[in-house]
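1. Mind folding the following:
(one chain, ligands or ions: 1)
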Amino acid sequence: MANLDNQTDMYDVYASSCGSQTDIRAERTNEYYLPDTRGSYECVTFISSGVCDVGRLLVNVERLPDYTQRRKTFCHEVGHSVGLQHYTSIGTGVVNGENNDCMKSSTVSGEQWWIEYSQHHRDHINEAY
Ligand SMILES: [Zn+2]
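-> Below you'll find the predicted structure:
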């Protein structure tokens, strides 16, 4: 959640247990519960049609062998929770460039931009919230 805090208008508050103010809860899981997948996001409670109140992130730690892949996957799934989509094409990119950020759907190399949101995505988040 540090990406939301540091890169957008949004912020997070850690709670040791879920309550009525909880927007997103994250759970570590494994290959048995999330086969062939590094992470997923789903809305579990809707306020109204298409508007999520409480979402859930699942992260398959068995498919995320290093810190970079785990950070990228959390960034990616949190991005989905605030409405971001995958990039359809990947550019050669610069840090925070248009086409390179954690919303790429695959494993990534160690460069910083794969664990952050691009300016394009930051603008979308800040416009929406
Ligand atoms: Zn995705």
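2. helix or strand right after the top helix by length along the chain?
-> Using DSSP state H to define each element, the chain has its longest helix at helix 67-81. Once the chain leaves helix 67-81, the next helix or strand it forms, by DSSP states H and E, is helix 119-128.
3. Let me know the average pLDDT across that next one.
-> The pLDDT scores in helix 119-128 average 88.
4. what's next to it, contact-wise?
-> If you take C-beta atoms under 8 Å, 6 or more residues apart in numbering as the criterion, helix 119-128 is touched by 4, 7-10, 79, 82-84, 96-98, 101, 103, 117. Where you see a C-beta, it was placed from the backbone N, CA and C, and this is true even at glycine.
5. In terms of helix, strand or coil, where does Glu27 fall?
-> Secondary structure, DSSP: H, G, I helix; E, B strand; the rest coil: Glu27 is strand.
6. contacting residues for it?
-> With C-beta under 8 Å, 6+ apart, Glu27 has these contacts: Arg56, Leu57, Leu58, Val59.
7. let's see it at 7 Å
-> Counting by C-beta atoms under 7 Å, 6 or more residues apart in numbering, Glu27 touches Arg56, Leu57, Leu58.
8. This completes my enquiry, with thanks.
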